[in-house]
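Enquirer: with the input below, show me the fold.
(2 chains)
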Amino acid sequence: MTDNLIEIKNLAFSYGTRPILNNVNMAMSRGKVIAVMGGSGSGKTTLLRLIGGEIKPSAGYVKVADQIVHQLSRDELFKLRRKMGMLFQFGALFTDISVFDNVAFQIREHTGLPESMIRDLVLMKLQAVGLRGAHHLMPAELSGGMARRVALARSIALDPMLVMYDEPFTGLDPISLSVIGNLIRRLTDALGMISIVVTHDVQESLKIVDYVYFLADGVIAAQGTPQEVKSSVAPFVHQFVHGEEDGPVPFHYPARPYQIDLELESVVA
Amino acid sequence: MRNRIVASIQAVGHKTIDGVWRLGKASRFFVWVLLKSTTSFLRFGLVVREIYFVGVLSLIIILVSGLFVGMVLGLQGYETLQKYGSESAVGTLVALSLVRELGPVMAALLFASRAGSAITAEIGLMKATDQLAAMGMMAVDPIARVVAPRFWAGVISMPLLAAMFTVMGIFGGYLVTVVFIGVDNGSFWSQMQNNVDFRYDIVNGVIKSCFFGVAVTAIAVFEGFDAPPTAEGVSGATTRTVVTSSLVILGLDFVLTSFMFRGVS
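Expert: Numbers count the residues shown, from 1 in each chain, chains lettered A, B, ... in the order given. Here you go, the predicted model:
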């Protein structure tokens, strides 16, 4: 077994004829928080779905714990997924059951543990995200940041080796934002797992991650540690990290020349 | 001109292919649900919970509608029958109409709009809010955990609801004709008892409602699971559930009736 729990080789994926990812290579080892950054539509979420085995790559492979994900049978895939957690963008909590039951869901489905032990485990997970006191609430009674913390507790319920976060910082106030960021860091260290954070929140994620991949148009445009990224002079990385309006990623959607659209060609001529 | 004709023929072709393709997808989904149904029976509590939502909560509308349908039947039946001096046959009329046709069909139509639409909306929204995807990522199959229990709950509830609709209807007919109008109590019940056959009328009615239960819930769960994950998509799917199941119920009713009652003497 190699050191890398996750290995991605020459990965490519396309929807029909539209390429989404092309020749992506990554390696990740335990205890690390990895950020995957890129603009909207750069293929970040697709990458997570490929790692989770929801979709199959058109070329290359994703290897998790020495198993090639897309070659697994459905049962084997489900077995592997028990060791994975996923935090969806808006939490995706089950709205018809309480916070407690949400966190207990996986434990009840996959283990035959007695209810008293489940109670202890759930309260421990909720304690880790600071919401033990909210265990009796329904998801509709939670704020956006709290819902995401509960979802985080739910995704680590079975102590996974890998947790994926799909835009965990979107739409949060600054306090909730740093709370979630710090939780990701702390839980990754405590559980010795891998965290893959798909995000476009540069400032928050650079504080907590160990390594960054930049995706642009389906390929890895740049990668490095946060220090390397911050000081990078590569035009794309510079534009992204500093949030500049125009650069390799243009401000304007491709269009005909402005003057022609305004029917000013006669004036120009 | 020629292009326009070609385009309109193509449009018909595309619609047809789409329809056939969707039907195939629905059939595959249906088989998939059946294959994944073991969990529903091993953990019957999941089904019982759904029976409460689709069955028990539909009781009010089913019972009240049944009562009124029976009352109207009694009233109309009496009106016509008394012209021929055979008002004591009103019990038979009410019972046969309800047991054979109105009970299963009306209950199924009400069930489709009350419970079918709710099932579609719930599953569709769970999909739109990533709850189904989250469940899949937790290695829990959403078809086994969410879809199959709802399907079986509907299949189990439907015949029971139809039976209760029929009973309430007969009671409504009794109330109007015997209690209010004054038709003879003894002949109302004895004529009914003589003319309603258990195997021929009642069993056939129950078989009908079983078919309707499978059809309505299969459509409802498929539409929900297949709904585009947007507000518009879920609302469209809910509408389609009610429209499609109503049409399927009425069409299926004709087919079943022509098989069951063709030897009417």
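
Enquirer: ok, residue B:184 - contacts?
Expert: Shown in contact with residue B:184 (CB atoms under 8 Å, 6 or more residues apart in numbering or on different chains): B:88, B:178. C-beta coordinates here come from the backbone N, C-alpha and C atoms, glycine included.

Enquirer: any idea how far it is from residue B:190?
Expert: Separation of residue B:184 from residue B:190 (CB to CB, to the nearest Å): 9 Å.

Enquirer: which parts of the stretch 101-250 of chain A sit against chain B?
Expert: Within the stretch 101-250 of chain A, the residues that sit near chain B (CB under 8 Å from any CB of the partner chain) are A:105, A:106, A:109, A:110.

Enquirer: give me that answer again for 10 Å
Expert: A:102, A:105-106, A:108-110, A:139, A:151, A:154-155, A:157-158, A:160, A:164, A:166 (CB under 10 Å from any CB of the partner chain).

Enquirer: mutual contacts of residue B:184 and residue B:190, please.
Expert: B:88, B:91 (CB atoms under 10 Å, 6 or more residues apart in numbering or on different chains).

Enquirer: mind checking which of the residues of the stretch 101-250 of chain A next to chain B land in strands?
Expert: Members of these lying in strands (criterion: DSSP state E): A:164, A:166.

Enquirer: quick one: which of the residues of the stretch 101-250 of chain A next to chain B is most hemmed in?
Expert: In terms of neighbours by other CB atoms under 10 Å in any protein chain shown, these top out with residue A:154 at 30 neighbours.

Enquirer: I'd guessed that residue sits against residue A:104; true?
Expert: Yes: shown here, residue A:154 and residue A:104 form a contact pair, counting by CB atoms under 10 Å, at 8.8 Å.

Enquirer: residues that sit against both of the two, list them.
Expert: Both residue A:154 and residue A:104 are contacted by A:122, A:125, under the criterion CB under 10 Å, 6+ apart.

Enquirer: what's the most distant pair in the residues of the stretch 101-250 of chain A next to chain B?
Expert: A:108 and A:166 (24.4 Å; CB to CB).

Enquirer: how many neighbours does residue A:77 have?
Expert: Neighbours of residue A:77 (other CB under 10 Å): 18.

Enquirer: excluding its backbone neighbours, what's nearest it?
Expert: residue A:53 (4.8 Å; CB to CB, 6 or more residues apart in numbering or on different chains).

Enquirer: isn't there a helix covering that neighbour?
Expert: No: the assignment for residue A:53, made by DSSP: H, G, I helix; E, B strand; the rest coil, is coil rather than a helix.

Enquirer: measure it to residue A:106 for me?
Expert: Going from residue A:53 to residue A:106 by CB to CB gives 17 Å.

Enquirer: kindly report the same for residue B:23.
Expert: From residue B:23 to residue A:106 the distance is 36 Å (CB to CB).

Enquirer: burial measure for the residue lying closest to residue B:219 once chain neighbours are set aside, as a count.
Expert: Distance criterion CB to CB, 6+ apart; nearest residue to residue B:219, sequence neighbours excluded, is residue B:245 at 4.9 Å. Here the number of neighbours of residue B:245 (other CB under 10 Å) works out to 27.

Enquirer: check contacts around residue B:245.
Expert: Contacts of residue B:245 by CB under 10 Å, 6+ apart are B:108-109, B:111-113, B:116-117, B:120, B:212, B:215-220, B:223, B:252.

Enquirer: what does residue B:70 give?
Expert: Residues in contact with residue B:70 (CB under 10 Å, 6+ apart) are B:94-95, B:97-98, B:102-103, B:165-177.

Enquirer: how many other residues sit next to the closest residue to residue B:147 other than its chain neighbours?
Expert: Distances taken as CB to CB, 6+ apart put residue B:221 closest to residue B:147, at 4.9 Å, once the chain neighbours are dropped. Residue neighbour count, defined by other CB under 10 Å, stands at 28 for residue B:221.

Enquirer: does residue B:221 really touch residue B:116, like I thought?
Expert: Yes: using CB under 10 Å, residue B:221 makes contact with residue B:116 at a distance of 9.2 Å.

Enquirer: what touches both of the two?
Expert: B:154, B:241.

Enquirer: after the helix or strand that contains residue B:151, which helix or strand is next?
Expert: Residue B:151 is located in helix B:148-174, with elements delineated by DSSP states H and E. Downstream of helix B:148-174, the first helix or strand assigned by DSSP H and E is helix B:185-195.

Enquirer: what residues sit buried inside that next one?
Expert: Residues of helix B:185-195 classed as buried: B:187, B:188, B:191, B:192 (neighbour count, 16 or more other CB atoms under 10 Å in any protein chain shown).

Enquirer: can you give me the angle it makes with helix B:148-174?
Expert: Here the directions of helix B:185-195 and helix B:148-174 differ by 130 degrees (axes from the mean of the first three to the mean of the last three CA atoms, to 10 degrees).

Enquirer: tell me which strands and helices the next helix-or-strand element following helix B:185-195 is in contact with?
Expert: Downstream of helix B:185-195, the next assigned helix or strand under DSSP H and E is helix B:204-226. Contacts defined by 3 or more CB pairs under 10 Å, 6 or more residues apart in numbering or on different chains; DSSP states H and E place helix B:204-226 against helix B:2-35, helix B:44-54, helix B:103-111, helix B:117-128, helix B:148-174, helix B:231-260.
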